[in-house]
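Novice: Just the structure for this:
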Amino acid sequence: MDDEAKKLNMNKRAADIELEKAVKPMNDAKSAVENLSKEAINELKKTNAPNSGVKKTLDVVLIYLGHNKIDWATAQKEMAKMDFLTRI
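Specialist: This next block holds a predicted model:
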């Protein structure tokens, strides 16, 4: 095996390791989203001051949905939309 092939093989192994690390958290997040209920979202959007974990999570959701304005009021408006759960 020449040097270029060895280098590519090492890079592939490193990428596979990183991918393996990401799969479980991704699957856990997917499962958590799938278990959200409309009732839970309705209760959450009524909150005036969410805790930091909720705020950070919804900031990420807003970014994922393509928003430029990342704040609680925008998150509440998104959660009020009928298709919110299907879009996330």
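
Novice: Let me see the contact set for E78.
Specialist: When contacts are counted by C-beta atoms under 8 Å, 6 or more residues apart in numbering, E78 touches 61-62, 65, 67, 84. Quick note: C-beta positions are derived from backbone N, CA and C, even for glycine.

Novice: Give me the buried stretch members for the lengthiest helix in the chain, please.
Specialist: In terms of residue count, the longest helix belonging to the chain (DSSP state H) is helix 3-34. When neighbours are counted by 16 or more other C-beta atoms under 10 Å, no buried residue of helix 3-34 is found.

Novice: now that helix: how far from the chain's centre is it?
Specialist: Computed by C-alpha atoms, centre = their mean, to the nearest Å, the separation of helix 3-34 from the middle of its chain amounts to 17 Å.

Novice: confidence score at E18?
Specialist: We have a pLDDT of 92 for E18.

Novice: circling back to that earlier point, which one of the contacts of E78 sits closest to A15?
Specialist: For the contacts of E78, the minimum distance to A15 (C-beta to C-beta) is 27.1 Å, reached by V61.
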